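>>> Need coordinates for the below:
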Amino acid sequence: MTAPPEQMKTVAVRVRYFAGARAAAGVQEETVRIPRPGDRAVTVSDAIAAALNLHDEKLTKVLPACSFLLDGVAVRDRGVEVADDATLDVLPPFAGG
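Numbers count the residues shown, from 1 in each chain. The predicted structure is shown next:
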């Protein structure tokens, strides 16, 4: 039995990796598709988890130190809703001064 169409909807998020996150992911950017769980919104946490599922432990080790931008705005709350076709930038700490 297949799920009703409303349960099969996904949200597409373009994930862009920078510096050490790019090296750990092995790609500059990718689109992840996150299933929309019923009537619950897809969140930044869901997008991060989907990206982690595509990669090995290298990215898992880098992500805890990263900050994120959602459509150019700093993410302070990973529970914030992610719209379809959003862009999530993964930014590791940068050295310099």
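
>>> contacting residues for the closest residue to Leu59 other than its chain neighbours?
Nearest in space to Leu59, with sequence neighbours left out and distances taken as Cβ to Cβ, 6 or more residues apart in numbering, is Ala24 at 4.5 Å. Backbone N, C-alpha and C define where each C-beta goes, glycine included. Neighbouring residues of Ala24 by Cβ atoms under 8 Å, 6 or more residues apart in numbering: Tyr17, His55, Lys58, Leu59, Lys61, Val62.

>>> Could you report the distance from Ala24 to Ser67?
Here Ala24 is placed at a distance of 15 Å from Ser67 (Cβ to Cβ, to the nearest Å).

>>> on that earlier part again, and the contacts of Ala24, which are buried?
Tyr17, His55, Leu59, Val62 (16 or more other Cβ atoms under 10 Å).

>>> Filter those down to the ones in helices?
Leu59, Val62 (DSSP state H).

>>> And the buried ones among the contacts of Ala24, which is closest to Ala83?
Tyr17 (20.2 Å; Cβ to Cβ).

>>> For that closest one, list each beta-bridge partner.
Val90 (DSSP bridges).

>>> For it, report the pLDDT, please.
pLDDT recorded at Tyr17 is 96.
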